[in-house]
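Engineer: got a structure for you, letters missing:
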């Protein structure tokens, strides 16, 4: 697991910085989580739903800090979520709940869902994420199984999103028009 420290004066890295509970059997982002890096962990449905449930709490904490300080620079919240190499597509209901939570997040700037077996059954949730979220700047969906059916949801979401700077879609059997 990796962590990008907020500053040289940052607290010593603990498992909670990685989004893990002390026994490492459950996943839970905290107000100290900067980068939730859960690559290749075979996240269970329960763990994914747990992360989804905790993201709104991080949003409330971020708003509280914003009211109490003049700068977000000192606040540490999940800025990057990496779930690469997990079989999230095999649990579409949990993935859809997770994407709803991320769509409401104001702190997540980068979401990496590459090679997670996401199929067309999650296309609507991805479109809603793109439509509703106003903080994600980078979304990586490479090497999934979205297929041509997903294009309308992705393109519609992108048209209404002024914030996203890059979206990676290669390896999804999408048309060249969608990829350009």
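Structural biologist: Noted; the coordinates are in hand. Computed from a predicted structure; not experimentally measured.
Engineer: show the low-confidence segments of the protein, by residue range.
Structural biologist: By pLDDT under 70, the low-scoring segments of the chain are 1-33, 56-77.
Engineer: now do the strands in it.
Structural biologist: 35-37, 80-82, 110-112, 138-140, 166-168 (DSSP state E).
Engineer: I'd like those strands as a markdown table, with distance to residue 49 and mean neighbour count appended.
Structural biologist: (C-beta placed from N, C-alpha, C; glycine too.) As requested, these are arranged in a markdown table below (distance: least, C-beta to C-beta, whole Å; neighbours: other C-beta atoms under 10 Å):
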| stretch | distance to residue 49 | mean neighbour count |
| --- | --- | --- |
| strand 35-37 | 15 | 23 |
| strand 80-82 | 15 | 21 |
| strand 110-112 | 17 | 21 |
| strand 138-140 | 21 | 20 |
| strand 166-168 | 25 | 15 |
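Engineer: adding distance to residue 131, write those out as JSON lines.
Structural biologist: Shown next, in JSON lines, are the strands of the chain (distance: least, C-beta to C-beta, whole Å):
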{"stretch": "strand 35-37", "distance to residue 131": "23"}
{"stretch": "strand 80-82", "distance to residue 131": "19"}
{"stretch": "strand 110-112", "distance to residue 131": "15"}
{"stretch": "strand 138-140", "distance to residue 131": "13"}
{"stretch": "strand 166-168", "distance to residue 131": "13"}
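Engineer: residue 50 is nearest to which of these?
Structural biologist: strand 35-37 (11.6 Å; C-beta to C-beta).
Engineer: so what strands line up beside that closest one?
Structural biologist: strand 80-82 (parallel) (DSSP bridges).
Engineer: which residues are in contact with the partner strand?
Structural biologist: 4, 34-39, 51, 102, 108-112 (C-beta atoms under 8 Å, 6 or more residues apart in numbering).
Engineer: can you pull the contacts of residue 52?
Structural biologist: 94, 97, 98, 100, 101, 102.
Engineer: got a winner among the residues you listed for most neighbours?
Structural biologist: residue 98 (27 neighbours; other C-beta atoms under 10 Å).
Engineer: gap between residue 127 and residue 146?
Structural biologist: Distance from residue 127 to residue 146, counting by C-beta to C-beta, to the nearest Å: 11 Å.
Engineer: same question but for residue 109, I mixed them up
Structural biologist: 22 Å.
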